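Colleague: This is a predicted model, with the sequence first.
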Amino acid sequence: MGQPGSKHQSHRMTRHRMTRHRMTLWDGLLLAALAGLILLLYGSLWSTKPGAQSAIAPGDMTVYYYPFARTTIESLLSGQIPLWNPYVLGGHPYLAEIQTQVLYPIRWVTALLTLGQPFSYRALAAETIAHLILAAWGAYGFFYWLSRNRAAATFGAVAWSLGGYLTGYPLQAPPILATAAWLPWLLLALSRALSGKRFWRRNAILATLCWALVFLSGFAQTALYIYGIALLWGGVLVLSRPRQERRRALLTLLCIVITGSALTAAQLLPTAEVTTLAERLEQPLAERLTGFKVRELLGLLIPHGTLWSPLYVGVPTLLFAGLALRRRALQRRQPFTPRHPALWLGLALLGVLFSLGNATPFLPTLARLLPILGMFRNPERAAVITAWALTTLAVLGWQRPVPRRLRQAPGIIWGLSGLLLAGWFLWARFSPGATEIPPWLTRGFWSWLILGASWLLVLQLPKTQWLLVVLLVADLGASAWQTAKTGHLVERDPAEVAQLPPLQIPLPDNAQWHRIDTRGHLTGGWPAVLRLEDLHGHLTFQNGLWMRFRQEIPGDRVWALMGVGCGIWNVTEPLPPFNVQQLPEFSYGDQRLTLLCLEQPFPRYRVVYEAAALEDGIALGVLQDHRYNLDRAVILESTAPELHAAAPPVSPTVTLTDWHPEETRLTVHSAQPGYLVIGDLWYPGWTARVDGARTPILRAYTALRAIQIPEGEHEVSLRYEPLSFRIGAGITLLALLALLTWSLRQIAGKNRA
């Protein structure tokens with residue numbers, strides 16, 4: 001017969017289990033509601049009805065992100081990790097272009113879900129919206145940890161996922177959205193790992209993975225901002241622990257950062273390498289740091305006060321953020337607690353200063369001290385810091401009692417601001433010379449109405465907490481829908497929007513010998529999908545050597561040096577000064593284009609017997625002079641050995657035996673030693689072998705390649721084997737092994753217990 005105490009304990013455990021199940025059920029319903037809200041907002045992206053369907057509008061998505069996403073997935077499904085892209089801008093490291101998301105696990109999942117079918121534009125839209133849902137769910141988890149209130153957590157999740165930042169520009173740039181989506185997950189895992197409570201080791205592993213995913217998701221600038229937020233948050237969590245526990249918390253934080261960064265090494269090192277040669281670094285710092293204008297900060301209060309409302313987090317959010325900053329709340333809290341409002345206020349102000357760019361001296365001065373900040377353009381993207389900080393402040397201010405002395409003052413301010421708006425409205429409508437009402441005034445009335453409704457509901461808390469969530473949904477949902485309708489969505493079939501250029505090009509014989517120059521008429525990453533080696537395209541970090549070569553050398557000489565066989569002309573343009581064959585016209589967008597192919601294409605590989613070593617500036621000057629004979633001599637980098645010899649009576653021959661994006665094989669026959677000039681872009685990581693023996697690749701004509709060739713017949717191979725990727729992959733594998741070993745030890749320890 002059992003003891004009465006044991007029956008009571010069993011009953012208590014059963015009741016606790018039932019309570020947990022109810023809590024889990026409510027959380028699941030709220031998460032489903034958040035996902036349903038986002039899917040409803042962007043449901044037209046999946047509609048198949050001709051009158052109801054829509055697609056993400058042409059722009060960065062169609063020009064850049066979709067072609068590269070499709071190329072990445074095709075490569076992954078073929079079992080290859082693409083390292084080199086020969087199809088854009090004369091050739092460029094593919095994996096190192098971080099926004100291709102080659103090593104991003106979610107992109108690998110997407111590749112598996114395509115089930116071998118071509119990756120559609122609709123699928124990329126689905127992946128983008130899935131990240132928006134991921135952001136909402138992560139925000140709910142973090143804000144519930146912060147507030148222990150489901151209404152507050154839902155409020156914060158709506159403010160973050162439907163705020164102007166995530167529903168604005170990132171819909172046209174999925175890597176920005178993917179990177180920002182992992183911010184709440186990283187902070188949640190850090191919070192649980194550094195709190196010193198149960199399962200802190202498991203959460204430390206999750207935080208390490210989230211740290212890596214932030215970078216691998218593909219947008220280094222946003223990742224830098226998120227890492228700054230996470231480090232500050234982690235430091236505060238460490239300082240908030242009792243003194244005897246701080247050492248362990250600090251070591252845990254360091255392990256998360258170091259191991260998480262090591263997991264990204266396979267992507268980080270190639271990306272760092274490509275940035276050292278980027279054209280962007282040659283631009284004046286002032287041009288790179290152009291951000292918001294000061295007047296655009298009005299976008300904090302009014303939706304669409306700036307393009308796509310990146311600063312707008314909702315009027316109710318700002319109201320609760322203000323409640324969190326009351327003097328009494330600040331005075332009662334210790335300086336180093338995770339819930340101290342001053343932390344998030346400082347971050348919000350810092351984000352504003354960053355996003356203003358060179359409108360204030362703050363960022364230019366800081367960029368000179370920390371050059372990494374000057375590497376990125378468009379500092380208004382730092383609005384992600386402000387958006388997150390304001391949302392967190394709003395959750396901290398949730399359900400704080402409003403003092404009696406403050407109950408009337410906001411109402412008076414609201415009424416006076418309404419009179420002021422009405423006065424502006426009447427002046428704009430009836431004043432002499434009035435034409436139309438400024439759009440910001442109409443939107444100002446909307447914010448004014450939302451503010452009044454929010455304040456009335458705040459006075460009745462906690463009874464009205466869910467009504468405040470509904471009000472925020474109406475506020476941000478309307479703003480996000482307006483942004484989508486005017487800036488992101490077009491009512492067209494997605495397959496039509498992302499249709500490949502109608503290009504069936506009959507390239508010359510032995511097509512791999514010859515390039516095409518689309519001359520900007522087919523911009524972006526389309527050549528990679530069409531498998532055409534183009535001299536144009538669009539990349540994040542364009543190679544500075546290549547851009548200077550392309551811009552300063554006459555176009556006909558570039559064609560001659562790089563083996564171009566065809567070009568695309570608008571039918572209204574004058575024909576080039578070559579003997580060309582004109583193929584039938586075709587339409588692309590609103591353009592009428594034609595393909596012109598040279599009757600005698602330029603050779604891509606050739607052997608010469610004279611070589612001069614010159615500084616780049618002098619070399620470019622020589623190449624601009626048409627008296628310089630390209631077929632006779634090659635200009636090499638200043639440290640290369642020169643060569644002066646007469647051409648042999650027997651002409652050299654170069655035969656292409658095999659070609660792949662990352663490998664070229666040639667058979668070269670020369671009657672005497674010379675230089676094999678290769679019309680491909682020079683880049684660190686390319687290696688050359690002559691009859692199996694390693695041979696240095698020299699920089700020719702400032703941006704191309706050349707290798708020394710002995711007399712006789714030889715087999716030449718060129719392979720792209722970047723040391724940055726090999727070292728990075730080794731570090732990543734070691735970090736994965738260490739993380740896996742730690743995980744298995746935790747599982748084994750749990751089983752023994």
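Modeller: The structure has been received and is ready for your questions.

Colleague: and after the one helix or strand in the chain whose mean pLDDT sits lowest, which helix or strand comes next?
Modeller: Least confident helix or strand of the chain, by mean pLDDT, DSSP states H and E, is helix 327-332 with a mean of 50. Per DSSP states H and E, the first helix or strand lying C-terminal to helix 327-332 is helix 341-355.

Colleague: Figure out how far the next helix or strand after that following helix is from the centre of its chain.
Modeller: Per DSSP H and E, the first helix or strand lying C-terminal to helix 341-355 is helix 362-369. Centroid separation for helix 362-369 versus its chain: 23 Å, with Cα atoms, centre = their mean, to the nearest Å.

Colleague: Kindly report the same for stretch 28-46.
Modeller: Its chain's C-alpha centre and that of stretch 28-46 lie 24 Å apart, by Cα atoms, centre = their mean.

Colleague: and if you look at stretch 211-219?
Modeller: 9 Å.

Colleague: Output the below-cut-off pLDDT ranges for the stretch 651-753 of the chain.
Modeller: Low-confidence segments of the stretch 651-753 of the chain, defined by pLDDT under 70: 746-753.

Colleague: now the helices for it?
Modeller: Taking DSSP state H, counting those that start in this stretch as the test, the helices found in the stretch 651-753 of the chain are 723-752.

Colleague: For L30, give me its contacts.
Modeller: By Cβ atoms under 8 Å, 6 or more residues apart in numbering, the contact list for L30 reads 140, 150, 153-154. Glycine gets a C-beta too; all of them are placed from N, C-alpha and C.

Colleague: Please determine how far G59 is located from P649.
Modeller: G59 sits 58 Å away from P649, going by Cβ to Cβ, to the nearest Å.

Colleague: So if I had to pick from the two, which one is more boxed in?
Modeller: Neighbours were counted for G59 and for P649 using other Cβ atoms under 10 Å; G59 has more, 15 against 6.

Colleague: For the nearest residue to that one once chain neighbours are set aside, grab the count of nearby residues.
Modeller: With sequence-adjacent residues excluded and distances taken as Cβ to Cβ, 6 or more residues apart in numbering, G59 is closest to Q172, at 5.2 Å. Q172 is flanked by 22 other residues according to other Cβ under 10 Å.

Colleague: Okay, now the unreliable bits of the stretch 351-500 of the chain?
Modeller: For the stretch 351-500 of the chain, applying pLDDT under 70 flags the ranges 399-409, 411, 418-419, 421-441.

Colleague: which stretches of it form strands?
Modeller: Secondary structure of the stretch 351-500 of the chain by DSSP state E, counting those that start in this stretch: the strands cover 489-490.

Colleague: circling back: of all the contacts of L30, which two lie farthest apart?
Modeller: Spanning the widest gap among the contacts of L30 are Y140 and R150, at 8.6 Å by Cβ to Cβ.

Colleague: which residues do those two both contact?
Modeller: In contact with both Y140 and R150: 27, 30, using Cβ under 8 Å, 6+ apart.

Colleague: Taking the contacts of L30, please make a ChimeraX selection of just the buried ones.
Modeller: Of the contacts of L30, the buried ones can be selected in ChimeraX as follows, counting by 16 or more other Cβ atoms under 10 Å:
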select :140,150,153,154
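
Colleague: can you put the contacts of L30 in TSV and add distance to S454?
Modeller: Formatted as TSV, the contacts of L30 follow (distance: Cβ to Cβ, whole Å):
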residue	distance to S454
Y140	21
R150	19
A153	18
T154	16
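
Colleague: Mark which of the contacts of L30 are part of helices, please.
Modeller: In helices, defined here by DSSP state H, the members of those are 140, 150, 153-154.

Colleague: ok, these vs T540, which is closest?
Modeller: Among the ones in helices among the contacts of L30, and counting by Cβ to Cβ, the member closest to T540 is Y140, at 32.0 Å.

Colleague: So the closest one sits against T154, correct?
Modeller: Yes: the criterion here is Cβ atoms under 8 Å, and Y140 meets it with T154 at 6.5 Å.

Colleague: Tell me the spacing between the nearest residue to R377 once chain neighbours are set aside and M375.
Modeller: Nearest residue to R377 in three dimensions, chain neighbours excluded: R288, at 4.8 Å (Cβ to Cβ, 6+ apart). The gap separating R288 from M375 is 8 Å, by Cβ to Cβ.

Colleague: Please identify every residue contacting each of those two.
Modeller: By Cβ under 8 Å, 6+ apart, the residues touching both R288 and M375 are R280.

Colleague: which one of these two has more residues nearby?
Modeller: R288 (20 against 17).

Colleague: That one is in contact with L373, isn't it?
Modeller: No: using Cβ under 8 Å, R288 is not in contact with L373, being 9.7 Å away.

Colleague: quick one on the thing from earlier: ok, the ones in helices among the contacts of L30 vs G679, which is closest?
Modeller: So of the ones in helices among the contacts of L30, ranked by how close each gets to G679 (Cβ to Cβ), first place is Y140, at 54.8 Å.

Colleague: tell me the domain boundaries of this protein?
Modeller: The chain breaks down by automatic domain parsing into domains covering 200-277+723-753, 511-598, 605-721.

Colleague: can you list these in TSV and add distance to A180?
Modeller: Below are the domains of the chain laid out as TSV (distance: least, Cβ to Cβ, whole Å):
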stretch	distance to A180
domain 200-277+723-753	6
domain 511-598	17
domain 605-721	31
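
Colleague: Look up how far A706 lies from M547.
Modeller: Counting by Cβ to Cβ, the gap from M547 to A706 is 20 Å.

Colleague: Compare these two (neighbour count), which wins?
Modeller: Between M547 and A706, counted using other Cβ under 10 Å, A706 has the larger neighbour count: 26 against 16.

Colleague: In space, what's closest to that one - neighbours in sequence excluded?
Modeller: A700 (3.8 Å).

Colleague: just S743 next, same as before
Modeller: Distances taken as Cβ to Cβ, 6+ apart place I205 nearest to S743, at 5.8 Å, with adjacent residues excluded.

Colleague: Backbone dihedrals for the one you found, please?
Modeller: Dihedral pair for I205: phi -60, psi -40, per degrees, to the nearest 10.

Colleague: these two touch, right, it and L740?
Modeller: No: counting by Cβ under 8 Å, no contact exists between I205 and L740, whose distance comes to 9.6 Å.

Colleague: For I56, give the beta-bridge partners.
Modeller: On the basis of DSSP bridges, I56 is bridged to L489.

Colleague: and which of the contacts of L30 is nearest to P554?
Modeller: Of these, the one sitting nearest to P554 (Cβ to Cβ) turns out to be Y140, at 59.0 Å.

Colleague: Look up how far A32 lies from the closest one.
Modeller: For Y140, the distance to A32 equals 11 Å [Cβ to Cβ].

Colleague: What of A619?
Modeller: In terms of Cβ to Cβ, A619 sits 63 Å off from A32.

Colleague: More neighbours: those two, which one.
Modeller: A619 (23 against 11).

Colleague: Can you point out the buried residues in the strand or helix carrying that one?
Modeller: For A619, the host element (DSSP H and E) is helix 616-623. By neighbour count with 16+ other Cβ under 10 Å, helix 616-623 contains the buried residues 616, 619-620, 623.
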